[in-house]
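can't give you the sequence, but here's the structure:
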Ligand code: ADP
Ligand code: MG
């Protein structure tokens, strides 16, 4: 019987980690053990089926039904040896998490008889109950239902007793209902576009791939304390709580020693990740107390993204075993560093060349400059779309808060490359270039050192930085599905590479030599995209001013950032590139607005609940205690002397009343604004009402609640304090 669960990983909870029983086993021996990867397929599949799947993985070709049947049977046989009894299509609906629909292999075939079966048709396609996933009106409009379809390029895996098959999720009318499908389209597009440009430099290149190396930041909080904080449980962040006396001021946490309990947790989740073929390697503390980071080796973008989604799930499950809860929210604690997910991105060829790594000679360096400059232009021309791709209620807290890049999109490339681009801009002569000037330029280009890493890694304040052999998109939020920003980035780079190729070809057709045509086009692009390049301090106020003068957007909140989806140019871009139709884009816009409203709504509700049911009653209780004390003093010492001696107590009583009244009034006003917002039918208008009206109370409400926290007897305070949550080891 089909069963819809959002959590298939429960089994992990009940498994003892193997490495603890058998410490002798090396990572290389168990890495990827629970995945049906290409080497395992070779063992399990016929030669014909193996070749067909390999070609599907490498070239995106179709797998026939007959082959799919074979793959399904082998996959099941393999999964059964891993203890699997169920299978699920694993997909990425637009809710931001992953989803699963479970079915058993087991099929009754007669009275008292059953066999384990899994056929090609259920491998290739399945029909989840799509009505419970957001679709932005697509299904209502088309009266269609959704189905999931196998993505052979990402290996199936076994978790607990379940075989999980990575799939895309689409409506019967063909519209994408997930993050994976548009991502795959964008990747194909950029790979083709980059391959065409590579031909200028090296005809041996037959394929270009995209790479992603993410860095995941997170907080660990003790489970018991987590359970005593309804706000963190429901929203992932503390909506109240005074900053601890010791925060991150001392900077003693960064790369500090990792507490033992956290280490045990990391050991185990790394082990589980390795079984799933996720190449996590590094671990160190981050800036804030109890904040950590984990980063894998980079992989092909689609796989890297599946691995990140899987890792977030595994982390949460393993944490519970260690009596921890993982907070993936972008800003769990005000006053402390938030969490991001840097997306390191590059392009590489089947000849082993990283297209964003300077080479050994002028030719390979010209190729490097071509990809560097085209990426910069793509960001320059589509900065608002890139900004929209990372917009979320959680990320709004981080961007521009002096801990993460500002909401202004800019590109950092380091002083050496800046110098190089300035030289190209100046030295490429108008009109026909002489052989001497060409030689001179080539010599200059040849001087780019092969390793720029040290030179480019200094500026940590840029949202999109070149870091020696890749770009690092630093503005992505820690809860995000990287598939979304990666879809946008790869689409805009693909578009730019296609345009570049057209312009260069047009120059060549007019009789200009290839190198000169490329150089002239680069020069034009360098000038065109100058305003997006910024080498200074991205956290500074001056940058906000300067960016404004340059005409760069500074879209500080999600509803405003999302506006770009509705623009004609955006719809044209994604439609022309064959990534998303305008219907799909509109649906996404709607869903993101809805998600935003829901997040702020829940936060507003929990604030009201905590203020009225926890904070105000406890404050009154304490205030009564103080009043008793004042009365007692007056009784013992007489009215005049008693009041004199109760000076502090009287101040406390008054101050508590003042904050309670303010808190209560503000919550009431917020509730009124929330009610008004809820009546708005249009999603966009509603999101703006939540952003500009409802959310505008949050800081002030928190101010009064946190003041009360500082006055009320610690014993009587109903919520675990930030200090308690952040400094437990
Ligand atoms: P940081 O200094 O930003 O913390 P790290 O060393 O932690 O940098 O992470 C660098 C990340 O960049 C790693 O996740 C790594 O896999 C990734 N990376 C390195 N080379 C590439 C590449 N060519 N393409 C994509 N990602 C890459
Ligand atoms: Mg980084």
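Cool, got the structure. Computed from a prediction, not measured in an experiment: that's the story for all the values here. Ligands and ions are numbered 1, 2, ... in the order given.

May I ask which helix or strand encompasses whichever residue of the chain sits closest to ligand 1?
Ranked by Cβ to the nearest ligand atom, the top residue of the chain for proximity to ligand 1 is residue 213, at 2.6 Å. No exception for glycine: its C-beta is placed from N, CA and C like everyone else's. Element membership for residue 213 (DSSP states H and E) is strand 208-222.

How about that strand, which residues are buried there?
208-222 (16 or more other Cβ atoms under 10 Å).

chain center to stretch 67-74, what's the gap?
Its chain's average C-alpha position is 34 Å from that of stretch 67-74, according to Cα atoms, centre = their mean, to the nearest Å.

sorry, that was for stretch 671-682
On Cα atoms, centre = their mean, the centre of stretch 671-682 falls 30 Å from that of its chain.

Can you tell me the closest non-neighbouring residue to the residue of the chain closest to ligand 1?
Of all residues not flanking residue 213 in the chain, residue 298 sits nearest, at 3.1 Å (Cβ to Cβ, 6 or more residues apart in numbering).

where do the helices sit along the stretch 401-550 of the chain?
Along the stretch 401-550 of the chain, counting by DSSP state H, counting those that start in this stretch, helices occupy 415-427, 435-446, 453-456, 483-509, 514-528, 541-550.

Out of these, which is the most enclosed?
Among those, ranked by average contacts under mean count of other Cβ atoms under 10 Å, first place goes to helix 483-509 (a mean of 22).

pLDDT averaged over that helix - what is it?
For helix 483-509, mean pLDDT is 98.

repeat for stretch 562-575
The average pLDDT for stretch 562-575 rounds to 98.

Name the nearest residue to the most centrally placed residue in the chain, sequence neighbours excluded.
In the chain, the centroid-proximal residue (Cα atoms, centre = their mean) is residue 480; its distance is 2.7 Å. What sits nearest to residue 480 in space, not counting adjacent residues and going by Cβ to Cβ, 6+ apart, is residue 341, at 5.9 Å.

so how far is the host helix or strand of that neighbour from its chain's centroid?
Taking DSSP H and E as the definition, residue 341 sits inside strand 341-349. Centroid displacement of strand 341-349 relative to its chain, using Cα atoms, centre = their mean, is 14 Å.

Domains in this structure, by residue range?
31-177, 188-580, 595-726 (automatic domain parsing).

And residue 368, its phi and psi?
Main-chain dihedrals, residue 368, degrees, to the nearest 10: phi -60, psi -50.

any idea how far it lies from residue 459?
Using Cβ to Cβ, to the nearest Å, residue 368 is found at 20 Å from residue 459.

So which of the two has more stuff around it?
Higher neighbour count among residue 368 and residue 459: residue 368, with 24 against 18, using other Cβ atoms under 10 Å.

same for the strand holding residue 341, what does it pack against?
Judged by 3 or more Cβ pairs under 8 Å, 6 or more residues apart in numbering; DSSP states H and E, the packing partners of strand 341-349 are helix 180-198, strand 208-222, strand 471-473, helix 483-509.

What mean pLDDT does that strand get?
Strand 341-349 shows an average pLDDT of 97 in the prediction.

Quick one: name the residues of the stretch 401-550 of the chain near ligand 1.
469, 470, 472 (Cβ under 6 Å from any ligand atom).

Next up, the contacts around the last one.
The one in question is residue 472. Taking Cβ atoms under 8 Å, 6 or more residues apart in numbering as the criterion, residue 472 is in contact with 342, 343, 344, 345, 464, 465, 466.

Any idea what it is bridged to?
Beta-bridge partners for residue 472, by DSSP bridges, are residue 344, residue 465.

on that earlier part again, now the helices and strands packed on strand 341-349 in JSON lines, please, with extra columns for distance to residue 334.
What follows is the helices and strands packed on strand 341-349, written out as JSON lines (distance: least, Cβ to Cβ, whole Å):
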{"stretch": "helix 180-198", "distance to residue 334": "33"}
{"stretch": "strand 208-222", "distance to residue 334": "13"}
{"stretch": "strand 471-473", "distance to residue 334": "25"}
{"stretch": "helix 483-509", "distance to residue 334": "25"}
